[in-house]
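In: any chance you can model this:
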Amino acid sequence: MKPRKIIVSLICLATIAFSLVGGSITALASEDDAYTEEETIVITTRAEVREWRYRTYNGVYQKRLWSVTYLKWLTEWTNV
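Out: Sure, this is the predicted structure:
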């Protein structure tokens, strides 16, 4: 009866230890399988898009720079 208790205890301890570690087993892939053409990530940088906005205020023609990328004003209204 005693060997059976030891085996059951070891199985319980192994189960608890496996669950604490995360329960995941990672397989190592060979370097040939690591990257394929479909998985290549291409990062491109893009410039901020800006445009001038115009208005007539009290008979004075004015302009202000707007950032289309960040949706905010970059300058104050200036007379043209």
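
In: now do Glu37, the pLDDT please.
Out: With respect to pLDDT, Glu37 has a value of 61.

In: Thr26 now?
Out: For Thr26, pLDDT reads 61.

In: can you check Ser67 too?
Out: With respect to pLDDT, Ser67 scores 96.

In: so how many other residues sit close to it?
Out: By other C-beta atoms under 10 Å, 14 other residues sit near Ser67. Just so you know, the C-beta spots here come from the backbone N, C-alpha and C atoms, and that holds for glycine as well.

In: return the residues in contact with it.
Out: Taking C-beta atoms under 8 Å, 6 or more residues apart in numbering as the definition of contact, the neighbours of Ser67 are Glu48, Val49, Arg50, Trp73, Leu74.

In: between those residues, which is nearest Gly59?
Out: Distance ranking of the contacts of Ser67 against Gly59, using C-beta to C-beta, places Trp73 first at 22.3 Å.

In: am I right that the closest one is in contact with Glu51?
Out: No - contact status for Trp73 versus Glu51: not in contact, 11.5 Å apart, counting by C-beta atoms under 8 Å.

In: can you flag which of the contacts of Ser67 belong to strands?
Out: Assignment to strands by DSSP state E places the following of these there: Arg50, Trp73.

In: which one of Trp73 and Glu51 is surrounded by more residues?
Out: Taking neighbours as other C-beta under 10 Å, Trp73 and Glu51 compare with Trp73 leading, 12 against 8.

In: overlap in contacts, Trp73 and Glu51.
Out: By C-beta under 8 Å, 6+ apart, Trp73 and Glu51 have these common neighbours: Leu65, Trp66.
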